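Student: Compute the structure for the input listed below.
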Amino acid sequence: MGVSSGSGGPVLTLDSLVRLRRGLRAPGTPFRLAVPQGMTVPLGCDAVGMPALLGQQLVPRLPRVGCVYADDTHWWWLVPADSDYALEWPAPAQYATGAVVPDAPVVPSLVHRPEGKLPYTPPIPLYLALCRLTGTTPSWSRPVSSAG
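Tutor: Purely as a prediction, here's the structure:
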């Protein structure tokens, strides 16, 4: 199905229009991860991203896996909003407020959807497993400085 310009010009198909629209997207434009239909986010929604290899290693270490999105290089885990409160997520993790993924080349695809209506991975088990894999001491276990 094409659309004619009415003046005998070129016919544009839906595929052509989609390609044109994608071409208008500026590099580095952030994407918001979409919560799957039928799921609710009563606690708001943020995301924790990490390199794909770490993401694959985390799955068997977690008691519950919520919605996980992936592209060629990163995995993104939905967590309740403010899951960065009083936590320093270890590098190379990225915390994305509002589940807005920065600098993604494409919209990450949903690779895991949990049963039920909540899309969240519990943030504390995710944080602890990520600390363990990266060799990072959890923030609450670090010595407190009395510098003043």
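
Student: Kindly state the beta-bridge partners for the residue nearest to the spatial centre of the chain.
Tutor: For the chain, the residue nearest the mean C-alpha position is Trp76 (3.1 Å; CA atoms, centre = their mean). Beta bridges link Trp76 to Gly49, Tyr69, judged by DSSP bridges.

Student: same question, Tyr95
Tutor: Beta-bridge partners of Tyr95, as defined by DSSP bridges: Val48.

Student: how many neighbours does it have?
Tutor: Using other CB atoms under 10 Å, Tyr95 is surrounded by 14 other residues. C-betas here are computed from N, CA, C, even on glycine.

Student: Let me see the contact set for it.
Tutor: When contacts are counted by CB atoms under 8 Å, 6 or more residues apart in numbering, Tyr95 is found next to Asp46, Ala47, Val48, Gly49, Ser83, Asp84, Trp89.

Student: Pick the one among those closest to Thr136.
Tutor: Set against Thr136, the nearest of the contacts of Tyr95 by CB to CB is Trp89 (9.1 Å).
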